[in-house]
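Colleague: Predicted model and sequence follow; I will ask about them next.
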Amino acid sequence: MNKIYSTLLLLLLSLFLLTNTAFAAKQITYCTEASPVYFIPSLVNDTASFDVIEALYDPLVNTKQASTELAPSLATSWKISKDGKVYTFHLRKGVKFHTTKYFKPTRDFNADDVLFTFDMQRNKKNPFHKVGSSIFNFYSSVGFETLIKSIKKVDAYTVQFTLAHAEAPFLAELSIDSFSIVSKEYADQILAQKKDIMTLSNQPIGTGAFSFYSYKKDSMLRMVSFKDYWNGKADADRLIFEIVPNTATRTVQIQKGDCDIIALPNPADVPKLKQDPNIVVQTVTGVNTGYLGINAAKKPFNNKLVRQALSYAVDKEALLKSVYRGYAKEADNLLPPTIWGYNANIAKYKFNLKKAKALLTKAGYPHGFSLHLWAMPIARAYMPNARRAAEIIQADWKKIGVNVKIISYEWGEYIHKLNQDTNEKDVFFIGWTAAISDPDYFFNLLSCKAANGGNNFGNYCNKQFDSLLYKAKQTPNRKIRSRYYAKVQTILAKDVGVIPLAHALVIEVSRKRISNFKPDPTAKKWFSLMKVK
């Protein structure tokens, strides 16, 4: 009898181990650098949040994996009128929204969801317009507030956008994850049940490859694969976001096998990671720029000579060596050289303390001044170690009489403070990774309309700069657009709207058990396409 019990016990144990191993093999653990700030696409403005949004939701138009080439998503096709003002989208049929313990949809995705998603951002009377921070960065920054004249439901699966004027990058802009589609039926349920409108974010519902399961801030986000996903169920049964702000800790965890993929590895760790037979390191030229933003609306930074002086006093070579460890190229321009329209013939500010000091004197600050330099607390794709970079800049600026106090905040608060129209900020580290391969996506960061609520955190504003951007947007011919953008870059360089630092390589580190993980120039992960061994 004891033998029978022992045999049964061994069989049960073996079955448990087999089941557990099989289950574990279908799980992807992604060790990310920060908690998502929001789970509503339109409010998101940082890479850590975008990684989550990409798994939970779908936009009308997407890009192909590891590319900036556009591809159908929730819209299967579209037509553009001859005057470039009317876009008609034909929507995909049979697309399901997530079914969870807190929401069970009664219908498929349709035109009403598209209208609601954009109405929430454009209509101040929409109850969800006041959700979260109520700062729809991308909607403002790309100019949709004045561009989109109307959005019309032609039928259940046809939507028509009418624009105030032709906009060459409009279709590409719709592929930004911020414009992913939210369920109107779910929003209506939240209102009917008189729940807090933040429920739309705290318990998200999308059409993406993974659905929300549980979340603990600064700890872990759990998602499960959506078996009814319109593009086919993901290979992974579970997707776990483990929040690990410390870069060194993420490196140790992937070496131990606790993480399958890590966000933003320290370039200094790459050589030893490459030597691990269980780890794959991939790199691709990124479409990003790390830069110093400057509050141009505040003295003394409203003086162009001061901004030029600060730019001359940044030793970019030292940053490339000490911070990026060679995994980046020096930036003289906000626009990366890999994006069409790049102008190499603009004013460049090579490290020159003598020139910097002379410009400060000319500006009326012969003895310098003091400033606060904000450094983000976590690694970004465009900036591996802002604290170390800040210390290098602090030392050099001291040589021209500029005394720097380095300040940092928790990542969510950092982004929140940058969004505020406050006199508190002086100079700050920030950056941009393109979601689309269009110059407008970068230069709109610094348009006048992107200040005070958009992504223009430094409130730089030049009417000539904006006028040229406007003309470029309305011109379908790329050669003519390139000429406008060349002038835009000349103005920006002379004004020092920002201080470009570096264009970083995208470094992706994963365990060998993960396949079909292709490094994307935009740093997008594509969890839905990954295979798990």
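Modeller: Cool, got the structure.
Colleague: And the next helix or strand past the worst-scoring helix or strand of the chain on mean pLDDT?
Modeller: For the chain, using mean pLDDT, DSSP states H and E, the weakest element among its helices and strands is helix 2-25, scoring a mean of 45. Downstream of helix 2-25, the next assigned helix or strand under DSSP states H and E is strand 27-32.
Colleague: Direction included, what does that next one pair against?
Modeller: Sheet pairing of strand 27-32 (DSSP bridges) gives strand 238-243 (parallel), strand 261-262 (parallel).
Colleague: from these, which stretch is densest packed?
Modeller: strand 261-262 (a mean of 26; mean count of other Cβ atoms under 10 Å). (C-beta placed from N, C-alpha, C; glycine too.)
Colleague: and that strand, average pLDDT?
Modeller: For strand 261-262, mean pLDDT is 98.
Colleague: Nearest residue to Y365 in space, please, no chain neighbours.
Modeller: P300 (6.2 Å; Cβ to Cβ, 6 or more residues apart in numbering).
Colleague: Check V509 too.
Modeller: In space, and not counting its chain neighbours, V509 is closest to P265: 4.8 Å by Cβ to Cβ, 6+ apart.
Colleague: Check for me that the one you found belongs to a strand.
Modeller: No - counting by DSSP: H, G, I helix; E, B strand; the rest coil, P265 is not part of a strand but coil.
Colleague: roughly how far apart are it and Q275?
Modeller: Using Cβ to Cβ, to the nearest Å, P265 is found at 14 Å from Q275.
Colleague: quick check: mean pLDDT across the longest strand anywhere in the chain?
Modeller: Longest strand in the chain by number of residues (criterion: DSSP state E): strand 498-511. Across strand 498-511, the average pLDDT comes to 97.
Colleague: do stretch 403-418 as well
Modeller: Here the average pLDDT along stretch 403-418 is 93.
Colleague: measure it end to end?
Modeller: The separation between the terminal residues of stretch 403-418, taken as Cα to Cα, to the nearest Å, is 22 Å.
Colleague: Can you point out the buried residues in it?
Modeller: Using 16 or more other Cβ atoms under 10 Å as the burial criterion, the residues of stretch 403-418 that qualify are 404, 407-408, 411-412, 414-415, 417-418.
Colleague: mind listing the strands in the stretch 301-450 of the chain by residue range?
Modeller: Secondary structure of the stretch 301-450 of the chain by DSSP state E, counting those that start in this stretch: the strands cover 328-330, 369-374, 402-407, 427-433.
Colleague: quick one: which of these is nearest P439?
Modeller: Proximity to P439 (Cβ to Cβ) singles out strand 427-433 among the strands of the stretch 301-450 of the chain, at 12.1 Å.
Colleague: Partner strands of the closest one and their direction?
Modeller: strand 288-294 (antiparallel), strand 369-374 (parallel).
Colleague: Of P265 and Q275, give the one with the bigger neighbour count.
Modeller: P265 (20 against 9; other Cβ atoms under 10 Å).
Colleague: tally of neighbours for the nearest residue to D237 once chain neighbours are set aside?
Modeller: Nearest residue to D237 in three dimensions, chain neighbours excluded: K26, at 4.0 Å (Cβ to Cβ, 6+ apart). For K26, the neighbour count with other Cβ under 10 Å is 14.
Colleague: before we move on, the earlier item: tell me the confidence at the residue nearest to V509?
Modeller: 95.
Colleague: what about it, distance to V252?
Modeller: Per Cβ to Cβ, P265 is found 11 Å from V252.
Colleague: Can I take it that Q489 is in a helix?
Modeller: Yes - checked against three-state DSSP, Q489 lies within a helix.
Colleague: got a list of what it touches?
Modeller: By Cβ atoms under 8 Å, 6 or more residues apart in numbering, the contact set of Q489 is 333-335, 342-343, 346.
Colleague: which of those tops the neighbour count?
Modeller: In those, the most neighbours by other Cβ under 10 Å go to L335, 27 neighbours.
Colleague: P439 is in contact with that one, correct?
Modeller: Yes - with contact defined as Cβ atoms under 8 Å, L335 and P439 form a contacting pair (5.7 Å).
Colleague: between these two, what contacts are shared?
Modeller: Joint contacts of L335 and P439 (Cβ under 8 Å, 6+ apart) are 341-342, 485.
Colleague: Reformat those residues as JSON lines; add distance to I80 and pLDDT.
Modeller: Formatted as JSON lines, the shared contacts of L335 and P439 follow (distance: Cβ to Cβ, whole Å; pLDDT from 0 to 100):
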{"residue": "G341", "distance to I80": "21", "pLDDT": "95"}
{"residue": "Y342", "distance to I80": "26", "pLDDT": "96"}
{"residue": "Y485", "distance to I80": "22", "pLDDT": "96"}
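Colleague: quick one: which of those sit in helices?
Modeller: Within these, residues falling in helices by DSSP state H are Y485.
Colleague: and the residue nearest to D237, what pLDDT?
Modeller: At K26, pLDDT is 92.
Colleague: ok, now how distant is it from K101?
Modeller: Distance from K26 to K101, by Cβ to Cβ: 22 Å.
Colleague: In space, what's closest to A347 - neighbours in sequence excluded?
Modeller: Nearest non-adjacent residue to A347 (Cβ to Cβ, 6+ apart): A493, at 4.2 Å.
Colleague: mind checking which helix or strand the one you found is in?
Modeller: For A493, the host element (DSSP H and E) is helix 478-495.
Colleague: Restrict that helix to CA atoms and write it as PDB.
Modeller: What follows is helix 478-495, C-alpha atoms only, in PDB (Å, rounded to 0.1, in the frame of the first residue of the first chain):
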ATOM      1  CA  ARG A 478       8.900  65.300 -49.700                       C
ATOM      2  CA  LYS A 479      11.600  67.400 -51.500                       C
ATOM      3  CA  ILE A 480       9.800  70.600 -50.800                       C
ATOM      4  CA  ARG A 481       9.100  69.600 -47.200                       C
ATOM      5  CA  SER A 482      12.800  68.900 -46.800                       C
ATOM      6  CA  ARG A 483      13.600  72.400 -47.800                       C
ATOM      7  CA  TYR A 484      11.300  73.800 -45.100                       C
ATOM      8  CA  TYR A 485      12.700  71.500 -42.500                       C
ATOM      9  CA  ALA A 486      16.200  72.500 -43.400                       C
ATOM     10  CA  LYS A 487      15.300  76.100 -42.600                       C
ATOM     11  CA  VAL A 488      13.500  75.000 -39.400                       C
ATOM     12  CA  GLN A 489      16.700  73.300 -38.200                       C
ATOM     13  CA  THR A 490      18.800  76.400 -39.000                       C
ATOM     14  CA  ILE A 491      16.500  78.600 -36.800                       C
ATOM     15  CA  LEU A 492      16.400  76.100 -34.000                       C
ATOM     16  CA  ALA A 493      20.200  75.700 -33.900                       C
ATOM     17  CA  LYS A 494      20.800  79.500 -33.800                       C
ATOM     18  CA  ASP A 495      18.200  79.900 -31.100                       C
END
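Colleague: All further residue positions should be reported with the first residue as 207.
Modeller: With the count now opening at 207, the last piece we talked about shows up as helix 684-701.
Colleague: For stretch 666-675, list the C-alpha coordinates in PDB.
Modeller: Provided in PDB are the C-alpha atoms of stretch 666-675 (Å, rounded to 0.1, in the frame of the first residue of the first chain):
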ATOM      1  CA  TYR A 666      10.400  77.700 -26.600                       C
ATOM      2  CA  CYS A 667       8.400  79.800 -29.200                       C
ATOM      3  CA  ASN A 668       9.500  81.200 -32.500                       C
ATOM      4  CA  LYS A 669       6.800  82.400 -34.900                       C
ATOM      5  CA  GLN A 670       9.000  81.900 -38.000                       C
ATOM      6  CA  PHE A 671       9.800  78.400 -36.800                       C
ATOM      7  CA  ASP A 672       6.100  77.600 -36.500                       C
ATOM      8  CA  SER A 673       5.300  79.200 -39.800                       C
ATOM      9  CA  LEU A 674       7.800  76.900 -41.600                       C
ATOM     10  CA  LEU A 675       6.500  73.900 -39.800                       C
END
